[in-house]
Each structure stands twice: as structure tokens, then as C-alpha cells.
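*Asks:* Below is the sequence, then the predicted model.
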Amino acid sequence: MAARLVFLGRLEDAAGSGEREVAPGPLAEVLARLDPALAVELLGERVRIALNGALVAEPGGVVLADGDELAFLPPVSGG
Amino acid sequence: MAARLVFLGRLEDAAGSGEREVAPGPLAEVLARLDPALAVELLGERVRIALNGALVAEPGGVVLADGDELAFLPPVSGG
Amino acid sequence: MRDVRLLETAFDPALEIERFTAGHPQSGGVVSFLGQVREGGGVEALELRHYAPLTLPGMRQLADSVLGRWALDGLLIVHRVGTMAPRDPIVLVAAAARHRRDAFAAADFAMDHLKSESWFWKREKTADGWRWIEPREEDRRDLARW
Amino acid sequence: MRDVRLLETAFDPALEIERFTAGHPQSGGVVSFLGQVREGGGVEALELRHYAPLTLPGMRQLADSVLGRWALDGLLIVHRVGTMAPRDPIVLVAAAARHRRDAFAAADFAMDHLKSESWFWKREKTADGWRWIEPREEDRRDLARW
């Protein structure tokens, strides 16, 4: 089993794909196994995070379990 | 020949018809030949007057000639 | 650009909006207001009268003033006169603009002025017969916003 | 009363407005906003992406907050996702109310919040290829009005 990262908007370009399977674990460890440039983008101040469809107020405490979906949401586009 | 008075909105009810032919002459004389109750309504503060399709700023100076059309416009209805 | 009509017979607002939108492909947004005769409240019919020498010219002047005030690609004003039944469309205003803020403000302004300043007299028929509709304080307040 | 839809395929705004209006015969006025892909400016295609677990629930919450804030008879929000061509409809918001002031404000508010707070990501295709659309300062200002 694995967890899944989902990249929205321009983060999809940065990640090279819309989603990616990763080994479960604390978010800091999951990000440490990614390309550092991508990890920096994902941790951007204006990027919101949703765990299994619910926005996360404190991403620091997230621990991914098997089957979890973690979405990275950059600012939405203008009108 | 004659001039014509046109009564809009509730003034049509007050006049008993939408328009009426009258003998030409100064507006004061024309009104003096009408039913006094109707004349009072037509001279109401919020009634505007249009001579041949153009609003009149100073009704006191109007003199009706043959073929003229004088319209009495009460306040327009609300939305 | 400016399409202003006073109609003696029924019109199809959906078709008007469709044509208006298709005619302004460069506009990002179209705001429309549709006013219809309300169903309920005991009103059986609504009659709108106008004074031909003033009413349509006044609507055209209003359209020009709206076009002068906001950056619009197009403005549509269609108004019925005559006798209407509940559900019948009375008025349609549509504004097409590059920026939606302009379109909203233009349609809102046009409606406030159409309702309170255009030369229409309205009467309603209920079980008690016909009754003329008086000016409303609310309309004067609406106008004072601009 | 509340009709909120996220569509993967094209829709017909005129038909939607017609049905919405017919469904609210007691409303004196219906205000609608239609946003379409602009023709011109070199844009060949527009793509809107969403995040299913958040986007439609967020639109429904927005609709509820609009309905709680103004006296409406009904509210319609229809939004496209996927790839669209110039002239394609993107979004339709319609508000039916007894008083037109409520309908105007509700549609205006709904659009400001849809544009700046809903979970949509947009990219445009021009001769230079695809480019993501960034947030706009104007959208934040629009939101600050409420």
C-alpha cells in the first residue's frame, strides 16, 4: 500500500504529473524524499493542504497512512 | 381646428378619457373651461407637462395653437 | 452596441439574452436583469402605458448615459407596454463588458433609472378591479445611490 | 431553491435562465451573470481544473451563505470545468428575488466569491503554449467590498 500526493494548478507542472504515490509516514519525511526544488514549492506560504478532502490547518502534524490522499492547492486563478 | 389635451396614468381616470379636444388659447383659459376638480389635478405640483412631445419648464407661458398636443404626465409608477 | 426597444407584444428573454451574448464574443461577462409579472398576490393582469413622444426617446437617452458611464461592449434594453398576465416578461436589461464589475453596475443603474424615471404608468387588475400604481419611496432611494 | 452544478461538458445558458425564471413565477426579478471564454487576445483554449473533494462542496457552501444573506426565492450556480474554446460559457449565476436589489447584490457577491475563493485553477493556451493564470489583485479588492 501507499499514500498519494495530488498536485493542483501550476504545482502539477512543477511535479511533472498530477499525482504521485509515496511511502506513508510523517509529512516532513515524505517531502524529504522528493526533489528539493519541488518540496520548496509545496511548502510555499500560500499553498494550502487537504488531507482526504479536508483542509489542514497545521500541515506540520500530518502523518500519512496507507491509502491517504494529500492534496497541494496553490492560490486559485483570478477571474 | 382644435388643440388636444392628453391625460396619462391616473389623470386619464380623472379626465374620463385619454384625450380631449379643446379650443386653442392660453393654458390658463383652456383649464378654466374644464371641470374645476380636473383642472386642480392637472395643475398638481408633481404633474409634468409636455407640448408637442417636449417637456415644458414653465407651463404658465404655454399658449395652445391649432393642432398642438399638450400632455399631462403624473409621476411615473414605482417598480 | 446599443439596442433599445419598446414592444407592444410579448418577447422571449432567453432568446434575447442568447442573441445578445452571441453578438459580444469579446466580452468576458454579460449581466442581465429580467423583470416579470409576479404570480400570486391576487394580481390578474398588469397594464403598462407610455407616452410615445417621450418614452422611447427617454430610454435611448438613458442607454447613452449608461454607455458613457461604464466601459461596455454592448447594452440591451427591452421594455413591454400593453396588458400582460402573470409570468409575462416586462423588462430585460443586459450589459456586456470585458470586466464584470462594469456589467453589474451598468445593469443595476439602468434598472434603477428605468423604474423611477422612465415614462411608464402602470395599473394592476385584481378582484377589486384596476388600480394605478403610485411612485414608491424605495425607488427614490435606489436612485439616490448613483 | 438552490441549484449548484459543476459540469464537465457544455451547457446552454439561455435554456438554464429560461428554466430558472419559469421555476420562480413569484419572483419579480431575475439577475444573471454569464461568463464566457473571450474571443480575441490570442487565446485559443481555456482549461479549468478543480479538486473534486473540495470544489463542489465549496460552491454549495457559497450558495448557502448567499441564501442566508439575501431574501432570495432561488439561486442557480453552474460552472464548467475541462477544456473550453472562445465563446464557450464558463459560469452562470442567477438569483431570483421579490426585490431586484437583493437579486443584484446576491449575484454580484456570488461571482466575487466564486472567482476568488472557489477551488478552480485555470490555464490558457496561446500560440506560446499553455500558461497558468495567477490570482489577481483586482479579485482581492472585489472581495473586500462585502
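*Replies:* Done, it's in. Residues are numbered from 1 along each chain as shown, chains lettered A, B, ... in the order given.

*Asks:* in the helix or strand hosting residue A:71, what counts as buried?
*Replies:* Take DSSP states H and E as the rule and residue A:71 turns out to sit in strand A:69-73. Along strand A:69-73, the positions that meet the burial threshold by neighbour count (16 or more other C-beta atoms under 10 Å in any protein chain shown) are A:70-73. C-beta coordinates here come from the backbone N, C-alpha and C atoms, glycine included.

*Asks:* need the residues you listed in CSV with pLDDT and distance to residue C:123, can you?
*Replies:* Formatted as CSV, the buried residues of strand A:69-73 follow (pLDDT from 0 to 100; distance: C-beta to C-beta, whole Å):
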residue, pLDDT, distance to residue C:123
A:70, 98, 65
A:71, 98, 59
A:72, 97, 62
A:73, 96, 56
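
*Asks:* what's the neighbour count on residue C:28?
*Replies:* Residues within reach of residue C:28, counting by other C-beta atoms under 10 Å in any protein chain shown, total 19.

*Asks:* sorry, back to before: identify the residues contacting the strand holding residue A:71?
*Replies:* Contacts with strand A:69-73, where a contact means C-beta atoms under 8 Å, 6 or more residues apart in numbering or on different chains, come from A:3-9, A:11, A:27, A:30, A:42, A:47-53, A:62, A:64, D:51, D:53-54, D:119.

*Asks:* Now, those residues that are in helices?
*Replies:* Of these, the ones assigned to helices by DSSP state H are A:11, A:27, A:30, A:42, D:53-54.

*Asks:* from the residues you listed, which single one is nearest residue D:44?
*Replies:* Compare each of those with residue D:44 using C-beta to C-beta and the shortest gap goes to residue A:11, at 23.7 Å.

*Asks:* okay, now the closest one: neighbour count?
*Replies:* Burial measure for residue A:11: 22 neighbouring residues, criterion other C-beta under 10 Å.

*Asks:* Surely it is in contact with residue A:42?
*Replies:* Yes - counting by C-beta atoms under 8 Å, residue A:42 is a contact partner of residue A:11 at 6.8 Å.

*Asks:* nearest to residue C:132, of the ones in helices among the contacts of strand A:69-73?
*Replies:* Checking those against residue C:132 with C-beta to C-beta, the nearest one is residue D:54 at 53.5 Å.

*Asks:* need the contact list for the closest one.
*Replies:* By C-beta under 8 Å, 6+ apart, the neighbours of residue D:54 are A:50, A:53, A:55, A:71, A:73, D:119.

*Asks:* Identify the bridge partners of the first one.
*Replies:* When bridges are called by DSSP bridges, residue A:50 pairs up with residue A:55, residue A:71.

*Asks:* residue contacts, it?
*Replies:* Taking C-beta under 8 Å, 6+ apart as the definition of contact, the neighbours of residue A:50 are A:56, A:70-71, A:73, D:51, D:53-54.

*Asks:* quick revisit: ok, of the ones in helices among the contacts of strand A:69-73, which one's closest to residue C:86?
*Replies:* Of the ones in helices among the contacts of strand A:69-73, the one sitting nearest to residue C:86 (C-beta to C-beta) turns out to be residue D:54, at 41.6 Å.

*Asks:* Quick check: the gap between that closest one and chain B.
*Replies:* Residue D:54 sits 40 Å away from chain B, taking C-beta to the nearest C-beta, to the nearest Å as the criterion.

*Asks:* got it, and residue A:15?
*Replies:* If you go by C-beta to the nearest C-beta, the gap between residue A:15 and chain B works out to 54 Å.

*Asks:* Can you classify the closest residue in space to residue C:2 that isn't next to it in sequence by secondary structure?
*Replies:* With C-beta to C-beta, 6 or more residues apart in numbering or on different chains as the measure, residue C:63 is the residue that lies nearest to residue C:2, at 5.1 Å, once sequence neighbours are left out. Applying DSSP: H, G, I helix; E, B strand; the rest coil to residue C:63 yields a three-state assignment of helix.

*Asks:* Compute the number of surrounding residues for residue C:63.
*Replies:* Residue C:63, neighbours per other C-beta under 10 Å, totals 23.

*Asks:* show me what contacts it?
*Replies:* Taking C-beta under 8 Å, 6+ apart, we find residue C:63 in contact with C:2, C:4, C:75, C:77, C:110.

*Asks:* Kindly recompute the last result at 10 Å.
*Replies:* With C-beta atoms under 10 Å, 6 or more residues apart in numbering or on different chains as the criterion, the residues that contact residue C:63 are C:1-4, C:72, C:75-77, C:93, C:106, C:110, C:113-114.

*Asks:* Around residue C:140, how many other residues sit close by?
*Replies:* Residue C:140: 12 surrounding residues under other C-beta under 10 Å.

*Asks:* swap that for residue C:68, sorry
*Replies:* Using other C-beta under 10 Å, the number of residues around residue C:68 comes to 8.

*Asks:* Is it correct that it falls within a helix?
*Replies:* Yes - the assignment for residue C:68 (three-state DSSP) places it in a helix.

*Asks:* measure it to residue C:2 for me?
*Replies:* Relative to residue C:2, residue C:68 is positioned 11 Å away (C-beta to C-beta, to the nearest Å).

*Asks:* same thing with residue A:63?
*Replies:* With distances taken as C-beta to C-beta, residue A:63 is found 63 Å from residue C:2.

*Asks:* send the alpha carbons of the helix or strand where residue C:79 lies over as CSV?
*Replies:* Counting by DSSP H and E, the element that carries residue C:79 is strand C:74-80. The C-alpha atoms that make up strand C:74-80 are tabulated as CSV, following Å, rounded to 0.1, in the frame of the first residue of the first chain:
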residue,chain,number,x,y,z
GLY,C,74,-23.0,46.5,-25.5
LEU,C,75,-26.2,47.4,-23.8
LEU,C,76,-29.7,46.0,-24.4
ILE,C,77,-32.9,47.5,-23.0
VAL,C,78,-36.3,45.9,-24.0
HIS,C,79,-39.5,47.0,-22.4
ARG,C,80,-43.1,45.9,-22.8
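
*Asks:* strands paired with that strand, and their directions?
*Replies:* Based on DSSP bridges, the strands next to strand C:74-80 in the sheet, each with its direction, are strand C:2-7 (parallel), strand C:89-97 (antiparallel).

*Asks:* tell me the mean pLDDT for that strand?
*Replies:* Per-residue pLDDT values across strand C:74-80 average out to 98.
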